[in-house]
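Enquirer: Next come a sequence and a model predicted from it.
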Amino acid sequence: MISRSNSHISSILERTVRGERLSTVDALTLLESNDLAAIGRAANEVTLRLHPEPYRTYNVDRNINYTNICTAVCDFCAFYRTPKSPEGYVLPREELLAKVRETVDLGGNQILMQGGLHPHFNLEWYEELLRDIRSNFPTVNIHGFSPPELHHFTKVNKLPIETVLLRLKEAGLGSIPGGGAEILVDRVRSAITRGKVMTADWLNVMRVWHQMGGVSSATMMFGHAETLAERVEHLDRIRQLQDETRGFTAFICWTFQPDNTEMSHIPPAGSFEYLKNQAVSRLFLDNLPNIQSSWVTQGLKIGQLALLYGANDMGSLMLEENVVAEAGTVHFLTLDQIRNAISELGYLPRQRDVRYQWVGEELEQKAISANRAREAQPKSPIVELVVP
């Protein structure tokens, strides 16, 4: 006999599978539930309704962190260095362009470029950076500068966000990553960071960019100082902005990685919580077209299983990743492993761009061949730190 609690969960899941919009109360009820199997099945049914196509997608890109110097103090971050730290760096332009070149040679069509909140660079520095990349690699999409960086640019340059975004777009910025969202609730943000953009301004950066015709991703880092109700509040703010602008192409969530941070005392959220949070996100975010798996924090098998818990995208090959790696998480997959993870579930693997469109057979085959050749080469004794 089904208990009253299970009956209530079933009722919520049946409604969302039929296409009804979940309330915030419904979403909290699901997050408080431990019925992962039922929530996962419902999320998969919704995914199949939204994505009946016979393929699942992935991307080939590289996360280039042009600087780790940052004026913000984030207790959850193992990557940043203060402006006076001897470990601070700014990538030389030649080295940065070489990283883009390697990405292109390996079949990538995008770079994810993010950095710390550098206190001295003016907007012209970033415009020149974008123009250098665009002039050398005109077909590469620059998925760059998260809302905290962009908001920081307005403060350093004393310019409105509209001006900053327009100038960067004209210089070559193609899309904006959803980094720096963590949890979009000011109580949480104040508890885990200082000197960083708050909720309203994070959302406004995205709003203005979307109004200019730009697209971006949305993210959530959970499992630290937030309550379950605050996770729902975060999702609701993303959904409301998407109702307004329709500019988010995808949502990605991942668990906080505590090692080597000021919050290392917090027990890490496990795979159970990750899959449940992602599945509820798929059910609640009915207006976001794509959900991306986070194999970078979860590893191959859970990353693959996420494709049955609401995700329709396996994420990126990520030729380089530094931020999560600094926290001790160094999962690394080859392109063949990503493609096989998709194939094993009965789907065709397909390489996509930032708008989740197929890149075409020529570029896809180039990436497959180039990455197999790369994997066959003897490994360098120098270990390169190998995100979303």
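Expert: Cool, got the structure.
Enquirer: hey, which helix is longest across this structure?
Expert: As assigned by DSSP state H, the longest helix anywhere in the chain is helix 228-245.
Enquirer: got a list of contacts for that helix?
Expert: Residues outside helix 228-245 that contact it (CB atoms under 8 Å, 6 or more residues apart in numbering): 24, 27-28, 31-32, 181, 183-185, 187-188, 199, 203, 206-207, 210-211, 218, 220, 222, 226, 247-248, 251, 277, 280-281, 284-288. Heads up, the C-betas are built off the backbone N, CA and C, glycines and all.
Enquirer: Now the buried members of those.
Expert: Buried members of the contacts of helix 228-245, counted by 16 or more other CB atoms under 10 Å: 27-28, 31, 181, 183-185, 188, 199, 203, 206-207, 210, 218, 220, 222, 226, 247-248, 251, 277, 280-281, 284-286, 288.
Enquirer: Just those residues: which are in strands?
Expert: With strands taken from DSSP state E, the overlap with these comprises Ala218, Met220, Phe222, Phe248, Phe251.
Enquirer: if we can go back for a sec, flag every buried residue along the longest helix of the chain.
Expert: For helix 228-245, burial by neighbour count (16+ other CB under 10 Å) applies to 228, 230-239, 241-242, 245.
Enquirer: nearest to Val140, of those?
Expert: The nearest member of the buried residues of helix 228-245 to Val140, counting by CB to CB, is Thr245 at 25.2 Å.
Enquirer: give me the low-pLDDT residue ranges for the stretch 1-150 of the chain?
Expert: Along the stretch 1-150 of the chain, segments meeting pLDDT under 70 span 1-5.
Enquirer: just so I have it, where are all the helices in it?
Expert: Counting by DSSP state H, counting those that start in this stretch, the stretch 1-150 of the chain has helices at residues 4-17, 24-32, 36-50, 93-105, 123-136, 147-157.
Enquirer: which residues of the stretch 151-300 of the chain fall in helices?
Expert: Using DSSP H, counting those that start in this stretch, helices in the stretch 151-300 of the chain cover 161-171, 186-192, 199-211, 228-245, 271-284, 295-298, 300-305.
Enquirer: And the contacts of the second one?
Expert: Spelled out, that is helix 186-192. Residues outside helix 186-192 that contact it (CB under 8 Å, 6+ apart): 74-76, 182-183, 196, 198-199, 224-226, 230, 263.
Enquirer: now with 7 Å?
Expert: Under the contact criterion CB atoms under 7 Å, 6 or more residues apart in numbering, helix 186-192 has outside partners Cys74, Asp75, Phe76, Glu182, Ile183, Met198, Thr199, His224, Ala225, Glu226, Glu230.
Enquirer: give me the low-pLDDT residue ranges for the stretch 151-300 of the chain?
Expert: Along the stretch 151-300 of the chain, the model assigns pLDDT under 70 to no residue.
Enquirer: So Ile142 sits against Gly172, correct?
Expert: Yes - the criterion here is CB atoms under 7 Å, and Ile142 meets it with Gly172 at 5.7 Å.
Enquirer: When the two are compared, which one has more neighbours?
Expert: Ile142 (24 against 20; other CB atoms under 10 Å).
Enquirer: For that one, give me its contacts.
Expert: Ile111, Met113, Leu130, Ile133, Gly172, Leu173, Gly174.
Enquirer: can you redo these as JSON lines with distance to Pro54?
Expert: Below are those laid out as JSON lines (distance: CB to CB, whole Å):
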{"residue": "Ile111", "distance to Pro54": "29"}
{"residue": "Met113", "distance to Pro54": "33"}
{"residue": "Leu130", "distance to Pro54": "37"}
{"residue": "Ile133", "distance to Pro54": "35"}
{"residue": "Gly172", "distance to Pro54": "35"}
{"residue": "Leu173", "distance to Pro54": "34"}
{"residue": "Gly174", "distance to Pro54": "28"}
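Enquirer: Mind checking which of the residues you listed are in strands?
Expert: Using DSSP E, the contacts of Ile142 in strands are Ile111, Met113.
Enquirer: Which one of the contacts of Ile142 is nearest to Val104?
Expert: Distance to Val104, by CB to CB, is smallest for Ile111 among the contacts of Ile142, at 9.2 Å.
Enquirer: can I get the buried residues of helix 228-245 in CSV with distance to Phe121?
Expert: Converted to CSV, the buried residues of helix 228-245 look like this (distance: CB to CB, whole Å):
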residue, distance to Phe121
Leu228, 39
Glu230, 33
Arg231, 34
Val232, 37
Glu233, 33
His234, 30
Leu235, 33
Asp236, 35
Arg237, 29
Ile238, 29
Arg239, 34
Leu241, 28
Gln242, 31
Thr245, 28
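Enquirer: Need the overlap of contacts for Ile142 and Gly172.
Expert: Jointly contacting Ile142 and Gly172 under the rule CB under 7 Å, 6+ apart are Leu130, Ile133.
Enquirer: residues in contact with the closest residue to Thr29 other than its chain neighbours?
Expert: Nearest in space to Thr29, with sequence neighbours left out and distances taken as CB to CB, 6 or more residues apart in numbering, is Ile12 at 6.2 Å. Taking CB under 7 Å, 6+ apart as the criterion, Ile12 is in contact with Asp26, Thr29, Leu30.
Enquirer: count of neighbours near Thr82?
Expert: Using other CB under 10 Å, Thr82 has 15 other residues around it.
Enquirer: can you check Gln337 too?
Expert: Gln337 has 17 neighbours, counted by other CB under 10 Å.
Enquirer: can you check Asp75 too?
Expert: Residues lying near Asp75 (other CB under 10 Å) number 16.
Enquirer: same deal with the one 10 residues further on?
Expert: Other residues lying near Ser85 total 12 when counted by other CB under 10 Å.
Enquirer: Now it, what are its backbone angles?
Expert: Main-chain torsions, Ser85, degrees, to the nearest 10: phi -70, psi 140.
Enquirer: For beta bridges, what are the partners of the spatially closest residue to it that is not a sequence neighbour?
Expert: Using CB to CB, 6+ apart and skipping the chain neighbours, the partner closest in space to Ser85 is Ile69 (7.5 Å). In this entry, Ile69 is beta-bridged to Arg81, by DSSP bridges.
Enquirer: Now for Ile69: which residues touch it?
Expert: Arg81, Pro83, Gly88, Val90, Gly116, His118.
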